[in-house]
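Novice: what follows is a predicted structure for the sequence shown.
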Amino acid sequence: MTSPLCLAMGLLIDTFDRYAGKDGDNKTLTRAELEELLHNEMPTAECRCQHEVCEFFNSLDLNKDGVVDFKEYIIYVAALTAICKK
């Protein structure tokens with residue numbers, strides 16, 4: 001039997017992999033891919049305008065290379081989880 005933590009980690013990886021690479025590199029999320037991920041996976045937190053999406057993307061892109069890699073994505077998910085726990 002797989003532990004709940006292992007299942008959660010698998011879901012995080014699977015979610016990233018489903019959206020990464022649609023616009024190019026399968027190891028990163030472009031802004032469009034991230035927007036699609038947010039729209040489909042977190043509809044209640046949907047951004048209302050392109051400016052908000054752009055700001056959110058820029059806050060995740062820690063190394064400012066124009067894409068969000070898996071480590072940057074995981075930092076976001078961990079921060080979001082901490083906020084939800086409060």
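Specialist: Looks like it arrived, so ask away.
Novice: okay, helices next: where are they in this structure?
Specialist: Here the chain has its helices, by DSSP state H, at 4-19, 31-41, 50-60, 70-85.
Novice: pull out the buried positions in the worst-scoring helix or strand of the chain on mean pLDDT.
Specialist: Between all helices and strands in the chain, the lowest mean by mean pLDDT, DSSP states H and E belongs to helix 50-60, at a mean of 81. For helix 50-60, the neighbour count (16 or more other C-beta atoms under 10 Å) marks 53, 56-57, 60 as buried. Every C-beta, even on glycine, is put in place using the N, C-alpha and C of the backbone.
Novice: OK, contacts around the residue nearest the centre of the chain?
Specialist: Computing the C-alpha centroid of the chain and ranking residues by C-alpha atoms, centre = their mean puts Tyr73 first, at 4.6 Å. Applying C-beta atoms under 8 Å, 6 or more residues apart in numbering, we find Tyr73 in contact with 16, 29, 60.
Novice: same question for stretch 18-25, mean pLDDT?
Specialist: Across stretch 18-25, the average pLDDT comes to 91.
Novice: related to what we said a few turns ago, output the buried residues of helix 50-60 in CSV; the columns should cover distance to Met9.
Specialist: Shown next, in CSV, are the buried residues of helix 50-60 (distance: C-beta to C-beta, whole Å):
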residue, distance to Met9
Val53, 26
Phe56, 23
Phe57, 24
Leu60, 19
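Novice: many thanks, we can stop here.
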